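In: model this:
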Amino acid sequence: MAFTPVNRVRAVLAVVLVMFLVSGCVTVSDSRFSREEDRDKAVHNYVQLATAYIAQGNLDRAEKHLERALTLSPDDAGALSAMGLLLNNDGEPELAEQSFRKALSNDGDYTRGRVYYGAFLYGEQRFEDARDQFLTASKNTKYDDRASVFFNLGMSEERLNNNDAAIEAYRRSVELSRGDAKSLLALSRTLVKEGDYSAASRHYDRLIRLMQQNPRYRHSPESLITGIRIARYFDERDRESSLALQLKNNFPESVEYQQYKVLISNDQ
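Out: Predicted coordinates:
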């Protein structure tokens, strides 16, 4: 699979949702949670199932589970945040934001809900607001996917043209993920933009080694143009030619291939 999505908004949403995918058919029986002391457990299970169904695009099932969760606990931050995801997927951004904001008002320490809200804001192109949500979320050292939070923070900083802040966020994502492919590429790319080709080359080489070790990863237009820029800087002509040929053959209609043609025309 290509590890650099073309649509960055979808990339953010994929990052925050993928952990909730479940396999098989899972059901929850109301009778199991009839006792008052089991209410929180019931709500948690309904929210987990609903979020998984949202990720799968099964909005009807998700809605049923969230209705059950909110019937048991109308102010539950997890249920309200998941309802925000559902409403946004259902084309109701204003209602979605109300749900996200209510969730965080009820529990300001609910980091997952803050990440969802940040992803929503990014999708609405409200990059400064998204950055603030991801920045706050990144401070929770106990959150189980801080690497993705920093990656999303880096994306937001980039859209705000804060390249130094983006580099730092991507660097933390690389450290926390121990070399995740998308983070390595993002860091390499922003370092090239900053003109730090030596550091960009080190991280890009890590990316290439990861690709060689894992056949699931394939070059994307973004990874190819990043490698080409690095190779051109260090006058590595064979490497540049190899990457350029892949870009031309595999992605002839891409923006990155047009960028490459501009690069070589400037040399003539």
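
In: what does the average pLDDT come to for the helix or strand where residue 157 lies?
Out: Element membership for residue 157 (DSSP states H and E) is helix 146-159. For helix 146-159, mean pLDDT is 98.

In: Flag every buried residue along that helix.
Out: Applying a neighbour-count criterion of 16 or more other Cβ atoms under 10 Å, one finds 146-159 buried in helix 146-159. (C-beta placed from N, C-alpha, C; glycine too.)

In: and if you look at stretch 53-69?
Out: So for stretch 53-69, counting by 16+ other Cβ under 10 Å, buried means 53-55, 59, 62-63, 65-66, 68-69.

In: For it, C-alpha coordinates in PDB please.
Out: Extracted in PDB, the C-alpha atoms of stretch 53-69 (Å, rounded to 0.1, in the frame of the first residue of the first chain):
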ATOM      1  CA  TYR A  53     -18.800   1.000  12.500                       C
ATOM      2  CA  ILE A  54     -18.200   4.600  11.600                       C
ATOM      3  CA  ALA A  55     -14.700   3.600  10.400                       C
ATOM      4  CA  GLN A  56     -16.300   0.900   8.300                       C
ATOM      5  CA  GLY A  57     -18.900   3.300   6.900                       C
ATOM      6  CA  ASN A  58     -21.800   1.600   8.500                       C
ATOM      7  CA  LEU A  59     -23.400   4.700   9.900                       C
ATOM      8  CA  ASP A  60     -26.800   3.100  10.700                       C
ATOM      9  CA  ARG A  61     -25.400   0.500  13.100                       C
ATOM     10  CA  ALA A  62     -23.100   3.200  14.600                       C
ATOM     11  CA  GLU A  63     -26.100   5.400  15.300                       C
ATOM     12  CA  LYS A  64     -28.000   2.700  17.000                       C
ATOM     13  CA  HIS A  65     -25.100   2.000  19.400                       C
ATOM     14  CA  LEU A  66     -24.600   5.600  20.100                       C
ATOM     15  CA  GLU A  67     -28.300   6.200  20.900                       C
ATOM     16  CA  ARG A  68     -28.100   3.300  23.400                       C
ATOM     17  CA  ALA A  69     -24.900   4.800  24.900                       C
END
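
In: Centre of the chain to it, how far?
Out: Offset of stretch 53-69 from its chain centre (Cα atoms, centre = their mean, to the nearest Å): 21 Å.

In: same thing with stretch 111-118?
Out: 12 Å.

In: Repeat that for stretch 120-137.
Out: Centroid displacement of stretch 120-137 relative to its chain, using Cα atoms, centre = their mean, is 12 Å.

In: What is the nearest of the buried residues of helix 146-159 to residue 235?
Out: residue 158 (28.0 Å; Cβ to Cβ).

In: which residue ranges form the helices in the stretch 101-250 of the chain?
Out: Remark: helices assigned in the stretch 101-250 of the chain by DSSP state H, counting those that start in this stretch are 111-123, 127-138, 146-159, 163-177, 181-194, 197-213, 221-233, 237-250.

In: Pipe those helices into CSV and attach distance to residue 87 per row.
Out: Formatted as CSV, those follow (distance: least, Cβ to Cβ, whole Å):
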stretch, distance to residue 87
helix 111-123, 10
helix 127-138, 17
helix 146-159, 20
helix 163-177, 28
helix 181-194, 27
helix 197-213, 37
helix 221-233, 31
helix 237-250, 38
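
In: who wins for proximity to residue 266 among these?
Out: helix 221-233 (10.7 Å).

In: What residues sit buried inside that closest one?
Out: Neighbour-count burial for helix 221-233 [16+ other Cβ under 10 Å]: 221-232.
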